[in-house]
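A.B. asks: Need coordinates for the below:
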Amino acid sequence: QTCLFPVSLEDSIDQFNSVRAIDQFVEQLDLEKLGFRRDFIENGPPAYRPSVLLKLYIYGYMNRVRSSRQLEKECRRNIEVMWLLESLAPDHNTISNFRKDNAKAIKKVFFATVQIARNFGLIGATLIAGDSTKFRAQNSKKNNFNQKKIQRHLDYIDNKLAQYNKALDQGENDQENEQIKKDVEKHKRRRKQYEQLEKQLQESGDTQISTSDPESRHIIIRGNITEVAYCVQSTVDADHNIPIDYLVTNKNDSKA
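C.D. replies: Purely as a prediction, here's the structure:
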């Protein structure tokens, strides 16, 4: 009976496979110095090493797999990931928490790649180009608010409440009055929500707020087309087109 797969994972990963570069790169980093959290608990199984989760994060970034649930699946079915993580399979909560708790440290890893590229002479540092990219957020336009939009909702609710109160004064049918009272309570609750949003907007000192993706903003994508999105400015070196810096500005930058 023939063997469908090689005997070992080592034999199944080509010598020039990118996962070997990821493994070598992460192993030479001082993760503690970069600021990665190393939390160990007294009871239960030992925590995953930060190097294991960082390798998985970089692999997902290089292969456009961002979802923590999707990365969890790859750990159990993708032989490249199995080799890279030594057959470990963290769950999606562990992957998500690693990304959330080590955001600043992961940013330092990006700059470590730039330093390595410079050491190998891949960055000329003579001519650089900057441009922006818009990434659509999960936040819908409906859940993005500015003062004008909030005031429009408040005015609409006040107008409806005035109509309901007038209907109650004139109404003689108890059943209709009961329904009107329910509608009044519903609109009062909605008014409180918009008042809370207005307070939040004023405290933020910004011109708009987003409720689903708090850092996203309603910006111009192209022409007259707008979306709630992230605006990322990136800088690229001219020699080998290697990105050397980035900044999330989330502002309209047309003709900047």
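A.B. asks: where along the stretch 101-250 of the chain do the strands fall?
C.D. replies: Assigned by DSSP state E, counting those that start in this stretch, the strands in the stretch 101-250 of the chain fall at 128-136, 144-146, 208-210, 217-222, 225-237, 243-248.
A.B. asks: count of neighbours near residue 133?
C.D. replies: For residue 133, the count of nearby residues is 11 (other C-beta atoms under 10 Å). The way it works is simple: take the backbone N, C-alpha and C, and place the C-beta from them, glycine included.
A.B. asks: Which residue, neighbours along the chain excluded, lies closest to it?
C.D. replies: residue 232 (5.1 Å; C-beta to C-beta, 6 or more residues apart in numbering).
A.B. asks: how about the strands of the stretch 101-250 of the chain in JSON lines, adding mean pLDDT and distance to residue 165?
C.D. replies: Rendered in JSON lines, the data for those read as follows (pLDDT from 0 to 100; distance: least, C-beta to C-beta, whole Å):
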{"stretch": "strand 128-136", "mean pLDDT": "92", "distance to residue 165": "42"}
{"stretch": "strand 144-146", "mean pLDDT": "95", "distance to residue 165": "27"}
{"stretch": "strand 208-210", "mean pLDDT": "94", "distance to residue 165": "31"}
{"stretch": "strand 217-222", "mean pLDDT": "90", "distance to residue 165": "35"}
{"stretch": "strand 225-237", "mean pLDDT": "93", "distance to residue 165": "36"}
{"stretch": "strand 243-248", "mean pLDDT": "91", "distance to residue 165": "47"}
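A.B. asks: Dump those to TSV, plus distance to residue 76.
C.D. replies: As requested, these are exported to TSV (distance: least, C-beta to C-beta, whole Å):
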stretch	distance to residue 76
strand 128-136	29
strand 144-146	38
strand 208-210	35
strand 217-222	38
strand 225-237	31
strand 243-248	32
